[in-house]
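J.: could you look at this predicted model? Sequence included:
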Amino acid sequence: SLAAAEARLEGQGLTIEELRRKAQRLLVAEEELAQARALIEQLQRERDELERKLAKMTEALARTEEELIEARNLAEKSRQEAIAAKRTVQDLTRQLSQLQSAMA
């Protein structure tokens, strides 16, 4: 019976009120644990999303670096072509000058 159970608890140094307080603290602790687990899950989802975004940004950066290398190569090729064109103009100018001198 309830009275017998109370007597056994009191024999162990516990009262019903103490058990109620301990049970209440346990319920609060369980609720806090559930909230902490939910927060951990939310943070893990956010971390996963950030990792996906970082992977996309890394891929975009790699593409941008490749495009930059291609642009540099094209610029160097254009520079070399400009140097060659300048030399050709200089050669033609010299030849024209020689022709004009020979004709004079």
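T.: Received, thanks.

J.: use CA for all of it now, contacts and neighbours both
T.: Fine.

J.: what's the residue closest to the geometric middle of the chain?
T.: Closest to where the C-alpha atoms of the chain average out (Cα atoms, centre = their mean) is Leu54, at 2.6 Å.

J.: roughly how far does that residue sit from Ile69?
T.: To Ile69, Leu54 is 22 Å away according to Cα to Cα, to the nearest Å.

J.: can you check Gln95 too?
T.: Counting by Cα to Cα, the separation of Gln95 from Ile69 is 39 Å.

J.: same thing with Ala3?
T.: Remark: distance between Ala3 and Ile69 (Cα to Cα) = 87 Å.

J.: the two - which one has more neighbours?
T.: Ile69 (12 against 8; other Cα atoms under 10 Å).

J.: list the neighbours of the lowest-mean-pLDDT helix or strand in the chain that are in contact with it.
T.: Using mean pLDDT, DSSP states H and E, helix 2-11 stands out as the lowest-scoring helix or strand of the chain, at a mean of 75. Helix 2-11 is contacted by residues Thr15, Ile16 when judged by Cα atoms under 8 Å, 6 or more residues apart in numbering.

J.: sweet, I'm off.
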